[in-house]
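# Coordinates for the following, if possible.
(2 chains)
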Amino acid sequence: MFNRFLTRSLVTLLAATLAVGFAQRVEIEFWHGLTAPSGPLLETFAAEFNASQDQYTVNATFRGSYPDTMNAAIAAYRAGNAPHIVQMFEVGTGTMLAAGPAIKPVHELFAETGIPFDPERYLPAVRGYYSLPDGRMMSMPFNSSTAVMFVNNDALAQAGFDPDTVALDTWDDVRTVAKQVVDTGAANCGFSFAWPTWTQFEQFSAIHDTPFATRANGFEGMDAELVINSPLHVRHVQTLIDMAAEGSFTYGGRDAAGDALFPSGECAILQGSSGLRGRVVREATFDWSIVPLPVYADAVTTPLNSIIGGASFWVMTAPGRTDAEYRAAAEFFNFLGQVEIVERFHVETGFLPIVFGVYEKLSAEGYYVTNPGADTGYLQLARTAPTPNSMGFRLGNLPEIRNIIQEEVETALQGQQTAQQALDNAVERGNVVLRAFERANR
Amino acid sequence: MRRRTIYRHKLLPYLLLAPQLAITLVFFFWPAGQAIYQSLLIQDPFGLRTQFVWFENFQAILSAPRYLESVRVTLVFSTSVTLLAMAPALLLAVMADQVVRGATGYRTLLVWPYAIAPAVAAVLWLFIFHPSIGQVGQGLRALGIPWDYRINGDQALWLVIFVSAWKQVSYNFLFFLAGLQSIPKTIVEAAAIDGASSNRRFWRVIFPLLSPTTFFLLIVNIIYAFFDTFGVIHALTQGGPGRATTTLMYRVYRDGWINLDLGGSSAQSVILMTAVILLTVVQFRYIERRVHY
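Alright, predicted model coming up:
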């Protein structure tokens, strides 16, 4: 009995050794947080990568929402077996950057493995978000979106506007139109938005070329402080309060809760992620269009580029990780950055075409003529060169800061505090969060 | 005379207790100890930098006015959930106890909600109460009531209380029904012969005899309201609007899981754990005296 066991073990061992001798594929783990349709497509890309060569195998697995994926990766790192690649939402960038030895920056990854990589192929507003101020890329951009404004043309027409010519460039325009939509009964809700902090503060600050925080929104140091209680920000919150009072604005709830208000026809105008377009195509039973975000005309002459949302891929370290495993990650990244892959992802999911060449190719093919509005986000994102105010954010615990801002603005919309008080509170509380992060990561 | 040990062997009792003790140690004392230790640290999420800060986390939490606000929300929330989950359950149990025909059918129907996961229950109620896509929500607005829990804190709190309590009614119902059925019919009949009205029979005879069940459910429901209502709040309001539905438990989740503040979140758990232990001790000490077994 024992003999047989021994023999079998030896045979297995021999077989394993032989397999190593021949073609042992290097396997790497890749955790992501994308749901359908994006998630399955990403897994298809991994499968195609595996089939395209015989050296590496990428095991892509879904690990729940972005925060769940992040926590799973952190727990795995603490246990000594972090995944090789993990997807992290853009607001987790500051936290990951502070995680020094836990991560392998993308520029280092390519330099050490000797695999050629050109970060300049990526749009500046995308690349910049995930790079150090000196341009060294830290994580690999993948699914990126930006905020745009969805307009229900039927509701506007019913309210007496010509949807083709109506101006929606400024907040005054938006307010006038939304008010008339509600007053004429064309829709119950004139204007709303999803992702309150992202659309009303992060995007808003970027396109108005106004800082969200000091130290170039945190890019230049962990000692950044929030400055969203500036007169322009206060004025904007006051506009929202006034619009809510006159009935032209309805608050849609936190995070993605507002999304549902547009395709259902409830709200005539909605600011949300460009990625919402897919759902609008499927669900909306009315004529609609997508336009850029509005501005305060007297606050900015040339609106800047908007910023991205979405997620990027981080390479993580673990004890005993080999060069071959890092090479696998680098090759996989290059595979994902190909024009054909980015194009497929853009067309099938609605995320932005983040490398140069894709938009141009699709335009030439007439894709945006048959799919109106699919290019609004891209054009808005690429319309100017990013300034320090529109590069993105490098703030620790940004998810918490987003929540604080939501809380304070909600309290102001309930009439329990003024716009100025709300933003002063948000700044004070947000700075406490930033100082705590600075201290924990010193 | 009290009977002394029946075990000759000194080790045997310990050996027999060992599995239970091991489980308690591994699944309760070890994590609780970890939480207490973590609550004394300031650490980055990856565990790369750790500072031992004694009670600084506790100090920071207890001096924040917003923490006291969550304490208030939690008290209102737990009291209301407990009352709203127990009173209708008792009423339903008394009714079901009197049903002769089709009793099993009623009981099965009344138990159903318990089989629904909190998050799913919350989503179901969301589709009913949502101001623009929910039937009841639209109805309320049509009646001229400015129903919008997304921006009205009181309505949001009311909604999460209602949904959390609804989830628990079935559980309470089962226990109340079992309790009612174990009350000897003869006692109730004797009271009836003595001329006690049905109202009087309930309050003077049945209710006191039911008190062990009621007491047990009181503790279970308070613990439920404290610890198990996370799913409902998360799916419905995420603690908002403002901080209107941010209970202590929801704060622990947000600070620990989303904000990755392990020290602060552990300190909050320790405070919460202490509070529930104290509450249970008080209940056993003072309320249990009035319970008839």
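
# Provide a list of residues in contact with the residue lying closest to residue A:56 once chain neighbours are set aside.
Leaving aside its chain neighbours, residue A:56 sits nearest to residue A:328 (3.8 Å; criterion: Cβ to Cβ, 6 or more residues apart in numbering or on different chains). Just so you know, the C-beta spots here come from the backbone N, C-alpha and C atoms, and that holds for glycine as well. Counting by Cβ atoms under 8 Å, 6 or more residues apart in numbering or on different chains, residue A:328 touches A:26-28, A:55-58, A:84.

# Would you mind checking the average pLDDT for the host helix or strand of residue A:328?
For residue A:328, the host element (DSSP states H and E) is helix A:323-336. Computed over helix A:323-336, the mean pLDDT rounds to 96.

# can you check stretch B:263-276 too?
91.

# List the buried residues of that stretch.
B:263-272 (16 or more other Cβ atoms under 10 Å in any protein chain shown).

# These: which ones sit near chain A?
Residues of the buried residues of stretch B:263-276 in contact with chain A (Cβ under 8 Å from any Cβ of the partner chain): residue B:264.

# follow-up on the earlier one: buried ones in the helix holding residue A:328, by neighbour count?
Residues A:325-336 are the ones in helix A:323-336 that count as buried (16+ other Cβ under 10 Å).

# residues in the stretch 251-400 of chain A within reach of chain B, list them.
A:251-255, A:257, A:260-261, A:264, A:266, A:397, A:399-400.

# My error: substitute the stretch 101-250 of chain A in the last question.
With Cβ under 8 Å from any Cβ as the criterion, the stretch 101-250 of chain A meets chain B at residues A:101-102, A:188-189, A:244, A:250.

# can you give me the strands in the chain?
Reading this off chain A. A:26-32, A:56-62, A:85-89, A:103-104, A:140-145, A:147-152, A:189-193, A:267-273, A:288-291, A:309-316 (DSSP state E).

# not what I meant, chain B
Using DSSP E, strands in chain B cover B:41-43, B:50-52.

# What helices and strands are in contact with the last one?
Which is strand B:50-52. With contacts taken as 3 or more Cβ pairs under 8 Å, 6 or more residues apart in numbering or on different chains; DSSP states H and E, strand B:50-52 sits against strand B:41-43.

# ok, back up a step: let me have the strands of chain A in TSV, extended by mean pLDDT, distance to residue A:418 and mean neighbour count.
Below are those laid out as TSV (pLDDT from 0 to 100; distance: least, Cβ to Cβ, whole Å; neighbours: other Cβ atoms under 10 Å in any protein chain shown):
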stretch	mean pLDDT	distance to residue A:418	mean neighbour count
strand A:26-32	96	43	21
strand A:56-62	96	44	18
strand A:85-89	95	32	25
strand A:103-104	96	42	22
strand A:140-145	95	33	26
strand A:147-152	97	26	26
strand A:189-193	96	21	27
strand A:267-273	96	23	27
strand A:288-291	96	31	20
strand A:309-316	96	29	26
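
# Can you add distance to residue A:49 and give those strands back as TSV?
Shown next, in TSV, are the strands of chain A (distance: least, Cβ to Cβ, whole Å):
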stretch	distance to residue A:49
strand A:26-32	10
strand A:56-62	6
strand A:85-89	12
strand A:103-104	19
strand A:140-145	13
strand A:147-152	31
strand A:189-193	37
strand A:267-273	27
strand A:288-291	32
strand A:309-316	13
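
# Can you turn the buried part of the residues of the stretch 251-400 of chain A next to chain B into a ChimeraX selection?
Selection of buried members from those for ChimeraX, criterion 16+ other Cβ under 10 Å:
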select /A:251,252,253,254,255,257,260,261,266,397,399,400
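
# which one among the residues of the stretch 251-400 of chain A next to chain B gets closest to residue B:159?
Ranked by distance to residue B:159 (Cβ to Cβ), those are led by residue A:253 at 12.7 Å.

# just checking, that closest one touches residue B:150?
Yes - contact criterion Cβ atoms under 8 Å: residue A:253 and residue B:150 qualify, at 4.4 Å.

# if I look at the two, which residues touch both of them?
Jointly contacting residue A:253 and residue B:150 under the rule Cβ under 8 Å, 6+ apart are residue B:240.

# Close to chain A: what parts of the stretch 151-293 of chain B are there?
Taking Cβ under 8 Å from any Cβ as the criterion, the stretch 151-293 of chain B approaches chain A at residues B:151-153, B:238-243, B:254-255, B:257-261, B:264.

# Quick one: name the residues of the stretch 1-150 of chain B near chain A.
Within the stretch 1-150 of chain B, the positions near chain A by Cβ under 8 Å from any Cβ are B:42-49, B:132-133, B:148, B:150.

# circling back: in helices, which of the residues of the stretch 251-400 of chain A next to chain B fall?
A:399-400 (DSSP state H).

# what residue ranges in chain B score low on pLDDT?
Per-residue confidence for chain B (pLDDT under 70) gives these ranges: B:1-7, B:292-293.

# For the lengthiest helix in it, buried residues please.
Identified as the longest helix of chain B according to DSSP H is helix B:65-98. Across helix B:65-98, burial judged by 16+ other Cβ under 10 Å covers B:67, B:70-71, B:73-74, B:77-78, B:80-82, B:84-86, B:89-90, B:92-94, B:96.

# cool, stretch B:112-120 as well?
So, applying 16+ other Cβ under 10 Å, buried residues of stretch B:112-120: B:113, B:118.

# Quick one: end-to-end distance for it.
Start and end residues of stretch B:112-120 are separated by 13 Å (Cα to Cα, to the nearest Å).

# Please apply the same query to stretch A:58-67.
Its start and end residues considered, stretch A:58-67 measures 22 Å (Cα to Cα).

# Could I get the contacting residues of residue A:299?
A:208, A:210, A:232.

# Let me see the domain layout of chain A.
Domain segmentation of chain A under automatic domain parsing yields A:25-144+A:308-364, A:147-306+A:397-440.

# chain center to stretch B:36-49, what's the gap?
Between the centre of stretch B:36-49 and the centre of its host chain there is 29 Å, according to Cα atoms, centre = their mean, to the nearest Å.

# Isn't residue B:272 up against residue B:248?
Yes - taking Cβ under 8 Å as the definition, residue B:272 is a contact partner of residue B:248 at 5.4 Å.

# anything in contact with each of the two?
Common neighbours of residue B:272 and residue B:248 (Cβ under 8 Å, 6+ apart) are residue B:226.

# so which of the strands of chain B is the most packed in?
strand B:41-43 (a mean of 20; mean count of other Cβ atoms under 10 Å in any protein chain shown).

# what sits up against it?
A:436, A:439-440, B:49-53, B:56-57, B:262-263.

# Of those residues, which belong to helices?
Among those, DSSP H puts A:436, A:439-440, B:56-57, B:262-263 in helices.

# Give the buried subset of those residues as a PyMOL selection command.
Of the ones in helices among the contacts of strand B:41-43, the buried ones can be selected in PyMOL as follows, counting by 16+ other Cβ under 10 Å:
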select buried, (chain A and resi 436+440) or (chain B and resi 56+57+262+263)
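
# Select, out of the strands of chain A, the one closest to residue B:183.
Proximity to residue B:183 (Cβ to Cβ) singles out strand A:56-62 among those, at 52.6 Å.

# Show me what the closest one pairs with in its sheet, parallel or antiparallel.
Here strand A:56-62 is paired, per DSSP bridges, with strand A:26-32 (parallel).

# Pull the residues that contact the strand it pairs with.
Contacts of strand A:26-32 (Cβ under 8 Å, 6+ apart): A:39, A:42, A:46, A:55-63, A:69, A:72-73, A:83-87, A:313, A:322, A:324-325, A:327-329, A:332.

# just how off-centre is it within its chain?
That offset, for strand A:26-32, works out to 22 Å (Cα atoms, centre = their mean).

# just to revisit the earlier point, present the strands of chain B as JSON lines; the columns should include distance to residue A:161.
Listed next are those as JSON lines, based on distance: least, Cβ to Cβ, whole Å:
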{"stretch": "strand B:41-43", "distance to residue A:161": "56"}
{"stretch": "strand B:50-52", "distance to residue A:161": "60"}
